[in-house]
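*Asks:* Predicted model, plus sequence, below.
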Amino acid sequence: KMSHTFPNTQSFGNILQRFWVLASGTNDLRQIRQTYNFGKLPRKQKIESLRDDCEVLLRGFLKPPAVDASQAFVIGKTKVYFRPGGIENLERERSKIFNRAASLVQARVRG
């Protein structure tokens, strides 16, 4: 059964809204960051476009040396299916980015 192999599922829109901050580096990833800046989905975005952008984001980010990116997740017609630990890695990196940003703001305020 798929729920044992892929315990976490997320829609394309949810992935792009939540993890847009992880998009940096290549031109494709920078374009995704600009398109979904601050988690805003463009109006009337086609599912194929969301799917393609989601795949670029995840393949650009989930590429640890020991694990092939294709093993960490599978993209379906309307959702992304994550293997155990896949979504947790994304959340951990997202938290690091926000923590760094908060530290910079605090340092500026404190002088």
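*Replies:* All right, it came through fine.
*Asks:* Report the buried residues of the helix ranked longest in the chain.
*Replies:* For the chain, the helix with the greatest residue count under DSSP state H is helix 86-110. Of the residues in helix 86-110, Gly86, Ile87, Leu90 count as buried by neighbour count, 16 or more other CB atoms under 10 Å. Quick note: C-beta positions are derived from backbone N, CA and C, even for glycine.
*Asks:* Identify the spatial nearest neighbour of the residue nearest the centre of the chain, chain neighbours not counted.
*Replies:* In the chain, the C-alpha nearest the mean C-alpha coordinate belongs to Phe19, at 3.6 Å (CA atoms, centre = their mean). Among residues not flanking Phe19 along the chain, Leu90 sits closest, at 5.5 Å (CB to CB, 6 or more residues apart in numbering).
*Asks:* wait, what's in contact with that neighbour?
*Replies:* By CB atoms under 8 Å, 6 or more residues apart in numbering, the residues touching Leu90 are Arg18, Phe19, Leu22, Phe61, Leu62.
*Asks:* From the residues you listed, which land in helices?
*Replies:* Using DSSP H, these in helices are Arg18, Phe19, Phe61.
*Asks:* Please verify my assumption that the first one contacts Arg94.
*Replies:* Yes - at 7.1 Å, Arg18 counts as touching Arg94 under the criterion of CB atoms under 8 Å.
*Asks:* Distance from the longest helix of the chain to the middle of the chain?
*Replies:* 15 Å (CA atoms, centre = their mean, to the nearest Å).
*Asks:* tell me the mean pLDDT for that helix?
*Replies:* If you average the pLDDT over helix 86-110, you get 91.
*Asks:* ok, now stretch 37-52?
*Replies:* 87.
*Asks:* what's in contact with it?
*Replies:* Applying CB under 8 Å, 6+ apart, the external contacts of stretch 37-52 come out as Phe12, Gly13, Leu16, Gln17, Arg18, Trp20, Thr35, Tyr36, Ile75, Lys77, Thr78.
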